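Colleague: Predicted model and sequence below, questions to follow.
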Amino acid sequence: MADLAVRVGTLALRNPFLLASGIWGESGESLAGAWAAGAGGVITKSIGSEPRKGYPNPTIETYPDGSLLNAMGLPNPGIDEYPREVEVARARGATVIGSVFGADAAEFARLATRLAASGIAALELNLSCPHAEGYGTEVGSDPADVEEIVRAVVREVRIPVIAKITPNSPDPAALAAAAERGGAAAVSAINTVRGLAIDTSLRRPVLAHGMGGLSGPAIKPVGLACVWQIYDRVAIPVIGVGGIATAEDALEYVFAGARALEVGTAVTQSGVAVFGRLAEGLSRRLDELGYSSVAAAVGAAHPARA
Ligand SMILES: Cc1cc2nc3c(=O)[nH]c(=O)nc-3n(C[C@H](O)[C@H](O)[C@H](O)COP(=O)(O)O)c2cc1C
């Protein structure tokens, strides 16, 4: 059986499939549920300095292929409340990766220090939410900002720092290179792709917030292209995310250059049982193709490194 265990910097994962941020991460119990179902690690919701209710409904539009357009508005209980949920998940044995969002380097660094104290194994920086004014893409689209934020966080914490890159920029690989310069242990790509749906009867956007972020099968080619370009540009590990629902999707990402993978929308459709299916399916496909491990297959579709 192919070895599914992977290392992302110093972070050791029992398999490459991580629960993506913002999905199923409401509570420590739900994080622990994804772990018990076979996830290689679980990423928390993105946590900010204060509790946030998020945007009013409707916040989600669904498409026939299973893709989603969402503008949740980063609802979260805030940094004073959330760390106890991490402790619940850790007590159940889960490898927990934190996620934070802030408006500038100082806020990211403060949040990182607070969440790191809860015993998370690594920290992902949400530099890429496409629909929260003042956060996410607004602070994650400029390579200089990305480098400054990552550097400020790396200075404060001893755990691996993962920069989550937006696809809503002309050159996502330049953002990844900036994160690497700032000291990131890895980059994850991608967050959702900016999108819009219009209600023609009401002559207004379907989502209350207007713009949203697209996820699920529709964005897999976008995610693959970003991972491919980032893999060519940086030496640090790349975590692939966007439209992964089957082992074949996962293998495409691994061949494009991903060392680990995040799964979001597929969990909303199929529940956490998807993690067991993905791990078993990827192991089988690697065996069929003659790979002894995930690590041996990373980037295999790149001509120069195949
Ligand atoms: C409802 C919803 C909420 C999300 N919330 C967050 C979040 O809080 N932080 C974050 O970094 N990404 C968030 N994301 C983005 C996902 O983590 C992921 O990057 C994206 O959905 C693409 O992966 P997928 O196609 O597997 O869903 C959210 C996505 C969805 C659909």
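Modeller: Thanks, I have it. Numbers count the residues shown, from 1 in each chain.
Colleague: Low-confidence regions, the stretch 151-300 of the chain specifically.
Modeller: By pLDDT under 70, the stretch 151-300 of the chain contains no weakly predicted segment.
Colleague: Which residues of it lie near the ligand?
Modeller: Residues of the stretch 151-300 of the chain found near the ligand (C-beta under 6 Å from any ligand atom) are 164, 191-192, 215-216, 219, 241-244, 263-266. Glycine gets a C-beta too; all of them are placed from N, C-alpha and C.
Colleague: and the next element down the chain from the helix or strand where residue 253 lies?
Modeller: Using DSSP states H and E, residue 253 maps to helix 247-256. Following helix 247-256 in sequence order, the next helix or strand is strand 258-263 (DSSP H and E).
Colleague: now that next one, how far from the centre of its chain.
Modeller: 8 Å (C-alpha atoms, centre = their mean, to the nearest Å).
Colleague: contacts for whichever helix or strand comes after that strand?
Modeller: Counting by DSSP H and E, the next helix or strand C-terminal to strand 258-263 is helix 265-270. With contacts defined as C-beta atoms under 8 Å, 6 or more residues apart in numbering, helix 265-270 is touched by 19-20, 23-24, 34, 66-68, 215-217, 243-245, 274, 277.
Colleague: wait, what's in contact with residue 162?
Modeller: 8, 97, 122-125, 184-188, 239.
Colleague: List the beta-bridge partners for it.
Modeller: Beta-bridge partners for residue 162, by DSSP bridges, are residue 124, residue 186.
Colleague: What is the most widely separated pair among the contacts of residue 162?
Modeller: 8 and 125 (14.4 Å; C-beta to C-beta).
Colleague: Compare those two (neighbour count), which wins?
Modeller: Neighbour comparison, residue 8 and residue 125: the larger count goes to residue 125, with 30 against 25 (by other C-beta atoms under 10 Å).
Colleague: How about the contacts made by that one?
Modeller: The contact partners of residue 125, by C-beta under 8 Å, 6+ apart, come to 99-101, 108, 112, 149-150, 153, 161-164.
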